[in-house]
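Peer 1: build me a structure from this.
(one chain, ligands or ions: 1)
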Amino acid sequence: MPELLTLALVIPVAAAGAAVLTRRGRQRRRVYRELAERREMLIAGRGPKRQALSDPQGLRLAFERECILRVEGFLAPEGLAELREEARASRPRAERSFIPGHKKGGTLSYEAIHRHAPTCLAFYHAPALHEWLGAVVGERLRPTADHDQSSCSILYYDQPGDHIHWHYDYNFYRGRHFTVLLSLVNRSTDGGVSSGRLMQRTQAGEVIEWDTAENVLVVFEGARVFHRASPIAEGDERVMLSMTLCTDPGIHPLKELARRVKDTAYYGPRALID
Ligand SMILES: [Fe+2]
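Peer 2: Residues are numbered from 1 along each chain as shown. Sure thing, here's the model as predicted:
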């Protein structure tokens, strides 16, 4: 009898939960469809203002060897200023997270970028950027999924100790997956750069520090480059536009679930159902 009573309680609760999740999933799919439909209008006339870029063919060999590459002075100063202004204006909308032993910092999601940072959105979707990066990595690149909140995000390291610990950017997608970082702000109170450093540990155990001064762009294959951002100090400010590009945005349902679990470190439990 107690078992029957338990079942009589559990079944309706499970059914109600499934109905809520189904409705939520439908709503979210509609949101992403609408954002994708509005995207061309949002980014019209906001293409990146770039400096003359190095010949990608000259960089391709270096990328093939190291799986990571850094370019200084990527944007014209006014282009960088526009992105920086948007990023700073959106700081209050960033979602803060703290996972002891893993990360601490703020993140502005891809959805929020659609709503509040159109120039950053335009940068991520610029065909010329995809073409140039594609030539550097030797693959045809495209944006990752519309519902992936980390496809394009802004990372705020602006409270003492903000950091992300050693990790790979695990590749959940079917194709190869590349991380692209553009440094929008990197300052300390003494006028230098922040204490937050992008570091790579090679298979041989060597630790390499990559200079991410403002307007530096770094591209790397995150699944093959073990890296971290070291903690910032009091008064430091480090803001990075973080983008992911891939060769095939298809994803297996189980990997989609794993990707969502990973994203809870940035957006909390909502990443599981959003
Ligand atoms: Fe990473």
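
Peer 1: residues near residue 33, how many?
Peer 2: Each residue near residue 33 was counted by other CB atoms under 10 Å, and the total is 12. The way it works is simple: take the backbone N, C-alpha and C, and place the C-beta from them, glycine included.

Peer 1: pLDDT score for it?
Peer 2: At residue 33, the model reports a pLDDT of 91.

Peer 1: for the remainder of this discussion, apply numbering that starts at 58.
Peer 2: Sure, I'll start numbering at 58, so the last one becomes residue 90.

Peer 1: nearest residue to residue 219 in space, please, no chain neighbours.
Peer 2: Take residue 219 and drop its neighbours on the chain: the residue closest to it by CB to CB, 6 or more residues apart in numbering is residue 162, 4.2 Å away.

Peer 1: hang on, the one you found packs against residue 156?
Peer 2: No: the criterion here is CB atoms under 8 Å, and residue 162 misses it with residue 156 at 10.1 Å.

Peer 1: quick one: which of the two has more around it?
Peer 2: Shown here are residue 162 and residue 156; by other CB under 10 Å, residue 162 has more neighbours (25 against 12).

Peer 1: just checking, the more buried one is part of a strand?
Peer 2: Yes: residue state for residue 162 (DSSP: H, G, I helix; E, B strand; the rest coil) corresponds to a strand.

Peer 1: what's the nearest residue to residue 265 if we skip its chain neighbours?
Peer 2: Excluding the flanking residues, the one nearest residue 265 by CB to CB, 6+ apart is residue 257, at 4.6 Å.

Peer 1: do residue 259 as well
Peer 2: Nearest non-adjacent residue to residue 259, counting by CB to CB, 6+ apart: residue 265, 6.7 Å away.

Peer 1: buried ones in the helix or strand in which that neighbour is found?
Peer 2: Assigned by DSSP states H and E, residue 265 falls within strand 264-267. By 16 or more other CB atoms under 10 Å, the buried positions in strand 264-267 come out as residue 267.

Peer 1: quick one: the residue nearest to residue 265 and residue 222, what's the gap?
Peer 2: 14 Å (CB to CB, to the nearest Å).

Peer 1: more neighbours: those two, which one.
Peer 2: Higher neighbour count among residue 257 and residue 222: residue 257, with 19 against 15, using other CB under 10 Å.

Peer 1: ok, that one to residue 151 distance?
Peer 2: For residue 257, the distance to residue 151 - CB to CB - is 26 Å.

Peer 1: again, but for residue 143
Peer 2: 12 Å.

Peer 1: so who does residue 256 touch?
Peer 2: Residues in contact with residue 256 (CB atoms under 8 Å, 6 or more residues apart in numbering) are 264, 265, 266, 267, 284, 285, 286, 287.

Peer 1: bridged to the closest residue to the fourth one other than its chain neighbours, which residues?
Peer 2: Looking back up the chat, that one is residue 267. Nearest non-adjacent residue to residue 267, counting by CB to CB, 6+ apart: residue 255, 4.4 Å away. Legend: beta-bridge partners of residue 255 under DSSP bridges are residue 267, residue 286.
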